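Asker: Quick one: sequence and predicted model below, then my questions.
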Amino acid sequence: MKIGLEVHVALPTRSKLFCSCSTADADQPNTNVCPTCMGLPGSKPYLNGEAVRIAKSVCIALGCVVNGSISFVRKTYFYPDLPKSYQITQIDGAIGRDGKIKLENTEIRIRRVQIEEDPAKLIREDRYSLIDFNRSGTPLVEIVTEPDIKSEKELKEFLYVLWSILYYLGVDIDKEIKTDLNISLGSNRVEVKNVTGIKNLLDAAAYEASRQASLLSRGNEPVKETRRYDERSQRTEPSREKESEEEYGYIYETDLEDYDTSKIKTGDIEADVRKTAKSIASRNGLDYDTIMQLVAFDRHSLSLLNHGLNSTAYDPSTILNVVEAGKRFRSSVNEKSFSLIAEYIKAGVQIDKEIMERIRKGLKPDYKTPDKLKIREFISKELENDPDILKRYRKNPKVIDFIVDTVSRKYGLPQKSVAEEAKKILTGEDD
Ligand SMILES: [Zn+2]
């Protein structure tokens, strides 16, 4: 088996790759937009130096040769997520090349690391599609490997090593990772495009491996083709995608000048971070390794950490937890939202996507006023998210513990009050 990957991950910058629009999650669609990231005629891209700096750190961590001068190309394709009908990306002038990731028993070569922009997001409804440009122009790096991965086990190991390297650099690939997977058991290359998330990637590879193996065992060679992965059926199927490399018609992006990467000093940043981490650790009686893990290569975390430590309002453990949340939710965790997040953490609430949603709206934790109606509302919302839960509850009443745990953790509510209300709702004895 031969597997090669093209892994796309979003870089944790505050603004987009070619304009100053924010990359933070927005409440409403099409609010973090401007003519450049909407691809309107006459708009001009400006390169975000911070994205290049993080991409350079990624290249160094992957043992790549960093190109001194980088350039961009236009990759042409027609699709509504990209109104200017080309994506700005890199090929020959890519930032990094010839790297490797060491696994326990082997080495996976990295062919290229390139910087590119994310297209807009399409939301498909029954009879029409909607386009949200908030994501359009988000900086990505694409990491292209050689087809060196030889088994599903190696694929898993590769992903976890890559994940930890990127996490160390402040890049969280857990949710947003998008991968094109090349996999061949026979002599023809099969490509599975646009697989989202690590679990789907592993599932897609497993399905393809067994599909191709069963074809080969019957004496049939799998055909060279592009396929897509369907999350619901957990199968891959032929996709209608037609573009081949030649049809992308790459041309040089003349709106962007070649960029000199040698002026970005990631080495200095690293030494600087180490020094700062050491002094923070010793001044505040904190563990140096913990601090390093949080702030390495990561100015966002470092500034959050300094902000917390400069105030007398927080204890060290709360501060570290807020900084840790900042690594996951990036720019939504900032000096402004710091005190509110600290309040949730002190209340024992785990910071997740839904809590961040509340924080963005400026809502305080509900733990002080566990009002019955409110609690019921939260439980009902949880039940709506998972319609099968009632069926499972009838088979196994212990399912209630799961609901109680989820709701009380999510909203910072006392378990006892949640349990009382959940029982009433589930048994139907409403008062
Ligand atoms: Zn913009």
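Answerer: That came through, no problem.

Asker: I'd like the distance between Ala10 and the ion.
Answerer: Distance from Ala10 to the ion, counting by Cβ to the ion, to the nearest Å: 15 Å. The way it works is simple: take the backbone N, C-alpha and C, and place the C-beta from them, glycine included.

Asker: thinking that residue is in contact with Asp118, fair?
Answerer: Yes - in this structure, Ala10 is within contact of Asp118 by Cβ atoms under 8 Å, at 6.8 Å.

Asker: Find the residues that touch each one of these two.
Answerer: Shared contacts of Ala10 and Asp118, defined by Cβ atoms under 8 Å, 6 or more residues apart in numbering, are found at Thr138, Pro139, Leu140.

Asker: Where does the stretch 251-400 of the chain get nearest to the ion, residue-wise?
Answerer: Using Cβ to the ion, the single residue of the stretch 251-400 of the chain nearest to the ion is Asp255, 14.4 Å away.

Asker: distance of that residue from Pro29?
Answerer: In this view, Asp255 and Pro29 are 27 Å apart by Cβ to Cβ, to the nearest Å.

Asker: Ok, Gln114 next?
Answerer: The value you get for Gln114 to Pro29, if Cβ to Cβ is used, is 28 Å.

Asker: Same question for Val192.
Answerer: Distance of Val192 to Pro29, computed by Cβ to Cβ: 29 Å.

Asker: Quick check: can you list the domain ranges of the protein?
Answerer: Domain assignment of the chain by automatic domain parsing yields the ranges 2-261, 265-360, 372-427.

Asker: how about the residues of this structure near the ion?
Answerer: Cys19, Cys21, Cys34, Thr36, Cys37 (Cβ under 5 Å from the ion).

Asker: Tell me which two in the residues you listed are the farthest apart.
Answerer: Greatest spacing in those, by Cβ to Cβ: Cys21 and Thr36 (7.9 Å).

Asker: so what sits against both of these two?
Answerer: Common contact partners of Cys21 and Thr36 (Cβ under 8 Å, 6+ apart): Gly137.

Asker: For Glu6, the count of nearby residues, please.
Answerer: Neighbour count for Glu6, taken as other Cβ atoms under 10 Å: 18.

Asker: need the contact list for it.
Answerer: Counting by Cβ under 8 Å, 6+ apart, Glu6 makes contact with Glu142, Ile143, Val144, Thr145, Thr179, Asp180, Asn182.

Asker: I'd like to know which of these are buried.
Answerer: By neighbour count, with 16 or more other Cβ atoms under 10 Å, the contacts of Glu6 hold Glu142, Ile143, Val144, Thr145, Thr179, Asp180, Asn182 as buried.

Asker: which one of those residues sits closest to the ion?
Answerer: Distances from the ion to the buried ones among the contacts of Glu6, taken by Cβ to the ion, are shortest for Glu142, at 20.7 Å.

Asker: Could you verify that that closest one is part of a helix?
Answerer: No - with DSSP: H, G, I helix; E, B strand; the rest coil as the criterion, Glu142 is located in strand rather than a helix.
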